[in-house]
Structure formats: C-alpha cells, structure tokens
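[1] sequence and computational prediction follow.
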Amino acid sequence: MPPKVSVILPVYNGGLYLKEAMESVLNQTFTDFELIIINDGSTDDSPKIIAKFYDSRIKIINQKNQGLIASLNTGIRLSKGKYIARMDADDISLPERFQKQIAHLDANDDIGLLGTTFAIQSEEKISGIAAVLLNDQDLRYQLLYKCPFGHGTVMFRKNLESKLDELWYLQSEKHVEDYELWSRMALITKIANLPDILYIWRDNPSGVSSKNRVNQKKKAKEIANRNQLCLNLFLRRHLTSTFYSRHKSELIQFQGISWKVNRNKNYGATLIHLSWIMIIRARFLYALIFLSRGALLTFSQSK
C-alpha cells in the first residue's frame with residue numbers, strides 16, 4: 001500500500017537545523033507517510049545527519065547540486081502519496097500538522113491546496129504569528145498581488161498533476177516558484193489555510209529567500225501582473241461579501257505566550273491593494289467598494 005502522504009524535504013548545506021526539521025516530521029501524530037529527502041549536493045555535514053536516522057519511511061535521494069526547483073520536482077516525481085506535503089530543512093512542523101491537514105482535505109474534496117497559520121522564529125525566539133487569510137476567495141484576492149502561503153506549510157493533492165500538464169515548479173520562476181505554482185493551482189481548484197498554528201518558519205538570514213530578496217520582489221511582481229490579466233478567474237462575480245468582516249482578531253496561546261493574530265487587518269490591507277488594481281484596470285466601482293471596505297477594516301479598532 002502506498003503511503004497517504006509524501007513529504008518533500010530538499011536540503012543543501014542545511015546541517016545546522018536539519019536534525020530538528022527531520023525529527024519534527026518523524027514525530028507527527030499521523031504516521032502513514034514517506035519522507036523523501038533530496039540531498040542536493042551538500043558539502044556540509046547534512047549527509048551524515050541524514051544517515052543517523054533509521055526509519056523505514058525515509059527515502060534518500062543523493063544528487064549533484066541542481067538547485068531547489070529541480071530538487072522539489074524530483075521529490076514530487078518520485079512521490080507515491082495521495083497528498084504531497086512540503087517541508088523546509090530549517091523549519092519545524094508541529095506534531096498535529098499532517099493529521100489536521102489530511103482531515104481537512106479528506107473532508108473537502110474541492111480543496112486542492114492547503115496551508116496553515118505559522119509562527120515566525122527569529123534568533124531562536126518566536127517573534128510573531130503570520131495572520132494568514134483562510135478561505136478560498138480571500139486567498140485569491142491576495143494572489144493578485146502577493147503569495148498568501150508559507151511555502152513549507154502547504155499540502156496539496158498529487159492528482160492535480162494531470163490538470164497542470166505535469167508542470168510543477170518551473171525553473172523559469174526561480175525564487176518565486178511557489179507563488180507561480182499556487183497561482184496556477186488556483187485556476188483549477190479551491191485553496192485554503194487552516195487557522196491552527198502548525199508550523200514554525202525560521203527567519204534565517206542565510207536562507208534562500210533572504211539572500212535573493214530583491215530579485216524575488218521583481219519576479220513576484222511579474223507573476224502578480226500575469227494574475228491580474230486573469231482577473232475574472234480570480235474574482236467572484238458578486239462582491240457583496242466584501243462589505244462584511246469575515247475575520248476577527250484572535251488571541252492565540254503559543255508556547256506559553258498570548259499572541260494577537262489580526263486576520264481582519266490583513267483582509268483590510270488586501271482590499272486596499274485590490275482597489276488600486278481595480279483603478280489600474282479601469283473598474284472604478286469595484287475600486288470604490290474595495291477601498292471603502294478595506295479602509296474601514298484596516299484603520300478601525302474592530303475586534
């Protein structure tokens with residue numbers, strides 16, 4: 001029997017945090033998975049760290065250095081699970097992550113891509129909680145100008161492959177390969193984030209995103225512009241729901257600290273961004289709707 005989930009973990013010289021990342025996967029409450037580790041030509045102690053783990057669920061792929069995108073696609077190509085989960089070599093998946101994501105996907109056949117709320121860790125301390133939006137339409141709004149998912153948090157259905165023409169991460173979209181892929185997925189399936197904090201993203205100054213911030217912003221803008229050309233596919237026909245708040249401020253206990261997570265403010269900022277997009281596209285009535293509602297949500301003290 002194939003495993004239910006294939007976990008794709010690429011690593012290139014990630015020895016500093018790799019042990020903790022692997023343990024966080026192997027200690028999941030849901031156990032029916034394979035962990036595909038792609039060692040992308042590491043020259044540090046990453047291969048030795050991987051070799052110290054004895055678990056039949058681990059599949060190790062050693063290859064010459066080809067980069068993150070090639071590593072991700074290799075992992076997906078070799079995966080056998082119904083679902084594919086991403087995992088980064090310097091992050092942590094909390095114990096119930098897979099269990100909760102699988103339960104949600106099993107219960108909602110129309111959702112093909114599912115992320116989670118995540119904590120941000122800086123210098124070994126939690127510095128904040130990402131107030132990600134949760135439902136399909138709001139995430140589509142955000143795709144029009146930015147990536148709304150934490151890359152390592154996502155789980156998606158492998159059977160999307162046929163609709164994507166087997167084109168997963170594209171080499172041409174280096175540093176924004178996730179944003180581009182989620183944008184294509186949103187054209188063929190519903191998308192969502194879970195409200196639970198199920199992942200810790202490490203704000204690593206030596207990480208790929210930090211090193212390539214300028215180029216990443218430039219490429220992300222290109223993807224946003226392409227998405228805006230498909231505006232009608234990302235927006236619903238009736239926008240009355242934008243008059244009502246669907247997100248509230250939450251106080252979430254995490255590691256003994258109470259964190260205020262204001263998704264409502266995030267939603268308001270999203271609507272303001274959309275108002276500008278509507279002005280550029282000469283949809284002035286929509287621009288007014290988004291701007292008025294977005295300003296109210298962003299600047300009010302609503303709870």
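    Arrived safely. Numbers count the residues shown, from 1 in each chain.

[2] please enumerate the strands of the stretch 151-300 of the chain.
    Taking DSSP state E, counting those that start in this stretch to define them, one finds strands in the stretch 151-300 of the chain at 155-157, 190-202, 249-254, 257-262.

[3] the second one: how far from the chain's middle?
    Translated: strand 190-202. Centroid separation between strand 190-202 and its chain, computed with Cα atoms, centre = their mean, to the nearest Å, is 7 Å.

[4] how about stretch 83-96?
    11 Å.

[5] I'd like to know the average pLDDT value across it.
    The pLDDT scores in stretch 83-96 average 97.

[6] buried ones in that stretch?
    For stretch 83-96, burial by neighbour count (16 or more other Cβ atoms under 10 Å) applies to 83-94. Any C-beta I mention is one placed from the backbone N, CA and C, and that applies to glycine too.

[7] and those residues, which is closest to residue 18?
    Nearest to residue 18 among those is residue 89, at 5.1 Å by Cβ to Cβ.

[8] over to that closest one. Which of the three states is it?
    In three-state terms, and counting by DSSP: H, G, I helix; E, B strand; the rest coil, residue 89 is coil.

[9] and the closest residue to it other than its chain neighbours, how many neighbours does it have?
    Nearest residue to residue 89, sequence neighbours excluded (Cβ to Cβ, 6 or more residues apart in numbering): residue 14, at 3.5 Å. By other Cβ atoms under 10 Å, 24 other residues sit near residue 14.

[10] residue ranges with poor pLDDT in this protein?
    205-211, 236-247, 300-303 (pLDDT under 70).

[11] show me where it has helices.
    15-26, 46-51, 68-78, 97-107, 136-143, 177-185, 208-211, 213-229, 231-234, 263-280, 284-299 (DSSP state H).

[12] in the longest one, what counts as buried?
    In other words, helix 263-280. 263-268, 270-275, 277-278.

[13] next, format the residues you listed as a markdown table and append distance to residue 77.
    Formatted as a markdown table, the buried residues of helix 263-280 follow (distance: Cβ to Cβ, whole Å):
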| residue | distance to residue 77 |
| --- | --- |
| 263 | 36 |
| 264 | 41 |
| 265 | 40 |
| 266 | 35 |
| 267 | 37 |
| 268 | 41 |
| 270 | 35 |
| 271 | 39 |
| 272 | 41 |
| 273 | 36 |
| 274 | 37 |
| 275 | 42 |
| 277 | 36 |
| 278 | 40 |
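
[14] any idea how far residue 276 is from residue 167?
    Separation of residue 276 from residue 167 (Cβ to Cβ, to the nearest Å): 31 Å.

[15] kindly apply the preceding question to residue 64 instead.
    Distance of residue 64 to residue 167, computed by Cβ to Cβ: 23 Å.

[16] nearest residue to residue 43 in space, please, no chain neighbours.
    Nearest one to residue 43, counting by Cβ to Cβ, 6+ apart, is residue 13 at 6.2 Å.

[17] for the one you found, give me its contacts.
    If a contact means Cβ atoms under 8 Å, 6 or more residues apart in numbering, then residue 13 has 42-44, 46 as its contacts.
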